[in-house]
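Student: Fold the following and give me the result.
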Amino acid sequence: MSVGLAEPIVTLAEAQAFARIETGEEEALVAGLIRSASGLCEAFLGQVVIERDFAEQLPPSFEWQRLRTVPVRSIESVTKEGSALAPSSYATDIDANGRGWIRLTRTGSGGTIQVSGVAGMAAGQNGVPEPIRQGVLRLVSHLFSARDGEGGDIPAAVTALWRPYRKLSLA
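Tutor: This next block holds a predicted model:
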């Protein structure tokens, strides 16, 4: 599965205001903390927050296979060994929970298929649910204040804000 780095869930200005950082001297540090907090948020939630491209490798199969990336917004292409498969050679579905599914209707033997598309809860920062944004802001503030190695565990309020949006899957 390849979805790349998490998109920043909050802006630099929002994070600076929330953490009460008045000078611009530490903008690069705060920007890095936003990227880290956004990545931690996605890892905790088990889903892509701000939409971006994804690609997954799967074995060719006539059985329905679930994509690991969630929530899938669209499945754009299916390729095998670098060549696009004809749309008539596979079927796709995206269920109400944003899980993408694919099955081949005809294929050659061996190799893998690559499924590409777009995944994410929201098209941009403004579409992200406010509890997720607030959790990221709180985490950025915590990471900023604990940057010298002091500060303890991540505040429980962060995970409490994110928990309703968490998607767990069984292996």
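Student: Quick one: distance of the top strand by length along the chain to the chain centre.
Tutor: Secondary structure of the chain per DSSP state E: the longest strand is strand 72-80. Here strand 72-80 is found 16 Å from its chain centre; the criterion is Cα atoms, centre = their mean, to the nearest Å.
Student: Give me the distance between the two termini of stretch 103-118.
Tutor: Using Cα to Cα, to the nearest Å, one end of stretch 103-118 lies 18 Å from the other.
Student: I'd like to know which elements the helix or strand following the longest strand of the chain is packed against.
Tutor: Going down the chain from strand 72-80, the next helix or strand is strand 83-84, by DSSP states H and E. Packed against strand 83-84, as judged by 3 or more Cβ pairs under 8 Å, 6 or more residues apart in numbering; DSSP states H and E, are no other helices or strands. For the C-beta atoms, the positions are set from N, CA and C on the backbone; glycine is no exception.
Student: Neighbouring strands of strand 83-84 in the sheet, and parallel or not?
Tutor: Using DSSP bridges, strand 83-84 pairs in its sheet with strand 72-80 (antiparallel).
Student: tell me the mean pLDDT for the partner strand?
Tutor: Mean per-residue pLDDT for strand 72-80: 95.
Student: Stretch 117-125 now?
Tutor: 96.
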